[in-house]
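>>> Any chance you could fold what I've pasted below:
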Amino acid sequence: MLYATLGEILTEKSGNLNLGVEGLMFMGAIGGLLGSYYYELTSLSPSAFITALIALLCAFTTAAFGATLYGILTIGLRANQNVSGLALSIFGTAFGNFFGEVLSISAGGYAAVGNVTKNAFNKGIGVLSELPYVGKILFSYNFLVYLAILLSLALAWFLKYSRTGLNLRAVGESPATADAAGINVSKYKYLATIIGGGLCGIGGLYIVMNSSNGVGGVWVHNCISGQGWIAVALVIFVTWNPARAILGSIGFGALSVMRLYIPLGISAQLYELFPYLATIAVLLVVSMKKGRKNTAPNSLGIAYYREER
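Residues are numbered from 1 along each chain as shown. Next up, the predicted model:
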């Protein structure tokens, strides 16, 4: 959820409302799995570092391709952003499930990466994870967890302190004013949308490699299961703040696994409703809050017509 939330925050800061996060996560999931699967299949001695790098690049690139299609429609052709995002969500979901089934059939029933890739994505930080007490608490997670936290802090700094980040925020707040100041509005929108889409794809890769029904590295039909829509709500919940997204993702993640730690005597299906009920509650609470800091960028969801400036 954190990767998808960061990707959507970056996209929305440019003024683009991409509701296709779910589809982008599907595209990233299957892209990363395919990359690692065929690397292991064609390599005599696969490397954990190389297979992880290939998976990340393939996941990012595949999802970025989907985000590019969205950008062409909404930035270049000025199509309705809500409709385009929903279409991307449908397309990406079908894309992931289709190629996932094709890979599963070609693999003889189900598609799974080898132990080298599974270990690359499911091991802690070397000997640090073996330290008593501290190792299990701080260093037992896979590298994608630590990368996500670093990206959150880096994106928060980028948006608040860097010149490029301030220009991006200006584009999202008032593209006409930014354009008049000499900022290339289309360039910023495209880059934010494409890079943001790629980050969503890494979120999908995490699901398929680490947490897909408790089995890592195996393609499971419909494995994203609405996580992209929760990420869209998380963006609003954390008020477009990348650093705050860390805590928001932990909170929603805790709801997702509550059934494993807090027995309430109810069915597993009811447990699965908790994240979605929390999503509805978050949207209601945030919508009632007043104040400029809790609101979206001014131009969010609105196509920019330079001729009308």
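>>> List the buried residues for the host helix or strand of residue 200?
According to DSSP states H and E, residue 200 maps onto helix 185-206. Using 16 or more other Cβ atoms under 10 Å as the test for burial, helix 185-206 gives 185, 188-206. To be clear about C-beta, it is placed using only N, CA and C from the backbone, and glycine gets the same treatment.
>>> what does the helix or strand following that helix rub up against?
Once helix 185-206 ends, the next helix or strand along the chain (criterion: DSSP H and E) is helix 227-237. Applying Cβ atoms under 8 Å, 6 or more residues apart in numbering, the contact partners of helix 227-237 are 1, 4-5, 8-9, 12, 19-25, 89, 200, 203, 207, 245, 248-249, 252, 275-276, 279, 282-283, 286, 296.
>>> Go through helix 227-237 and flag the buried ones.
227, 228, 229, 230, 231, 232, 233, 234, 235, 236, 237.
>>> Report the inter-axis angle for it versus helix 185-206.
Put simply, helix 227-237 runs at 130 degrees to helix 185-206, going by axes from the mean of the first three to the mean of the last three Cα atoms, to 10 degrees.
>>> How far off centre is helix 227-237?
Remark: helix 227-237 is offset 10 Å from the chain centroid, using Cα atoms, centre = their mean, to the nearest Å.
>>> quick one: contacts of the helix or strand containing residue 148?
Taking DSSP H and E as the definition, one finds residue 148 inside helix 143-161. Applying Cβ under 8 Å, 6+ apart, the set of residues contacting helix 143-161 from outside is 2-3, 6, 9-10, 13, 52, 121, 125, 164-166, 168-169, 199, 202, 205-206, 209-210, 241-243, 245-246.
>>> Check which element follows it along the chain.
Downstream of helix 143-161, the next assigned helix or strand under DSSP H and E is helix 163-173.
>>> before we move on, back to that, pick out the most distant pair among the buried residues of helix 227-237.
Within the buried residues of helix 227-237, 227 and 236 form the most distant pair, 15.7 Å apart (Cβ to Cβ).
>>> Which helix in the protein has the most residues?
helix 81-106 (DSSP state H).
>>> what's the angle from it to helix 227-237?
Using the same axes, to 10 degrees: helix 81-106 against helix 227-237 is 150 degrees.
>>> elements contacting helix 81-106?
helix 21-42, helix 48-71 (3 or more Cβ pairs under 8 Å, 6 or more residues apart in numbering; DSSP states H and E).
>>> Show the average pLDDT along the longest one.
On average, the pLDDT along helix 48-71 is 96.
>>> Report the angle between it and helix 81-106.
Interaxial angle of helix 48-71 relative to helix 81-106 (the same axes, to 10 degrees): 140 degrees.
>>> Kindly report the same for the shortest one.
Here helix 21-42 runs at an angle of 30 degrees relative to helix 81-106 (the same axes, to 10 degrees).
>>> Buried residues, helix 21-42. List them.
Within helix 21-42, the residues that count as buried by 16+ other Cβ under 10 Å are 21-37, 39-40.
>>> Now that helix - C-alpha only, CSV.
Taking C-alpha atoms only, helix 21-42 is exported to CSV below (Å, rounded to 0.1, in the frame of the first residue of the first chain):
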residue,chain,number,x,y,z
VAL,A,21,-3.8,2.4,-9.3
GLU,A,22,-5.4,-1.0,-9.0
GLY,A,23,-4.6,-1.7,-12.7
LEU,A,24,-1.1,-0.4,-12.4
MET,A,25,-0.4,-2.7,-9.5
PHE,A,26,-1.6,-5.6,-11.5
MET,A,27,0.7,-4.6,-14.4
GLY,A,28,3.7,-4.2,-12.1
ALA,A,29,3.0,-7.5,-10.4
ILE,A,30,2.9,-9.6,-13.6
GLY,A,31,5.7,-7.6,-15.2
GLY,A,32,8.1,-8.2,-12.2
LEU,A,33,7.1,-11.9,-12.0
LEU,A,34,7.7,-12.5,-15.7
GLY,A,35,11.1,-10.8,-15.6
SER,A,36,12.4,-12.9,-12.7
TYR,A,37,10.7,-16.1,-14.0
TYR,A,38,12.4,-15.9,-17.4
TYR,A,39,15.7,-14.7,-16.0
GLU,A,40,15.9,-17.8,-13.8
LEU,A,41,14.7,-20.0,-16.7
THR,A,42,17.4,-18.9,-19.0
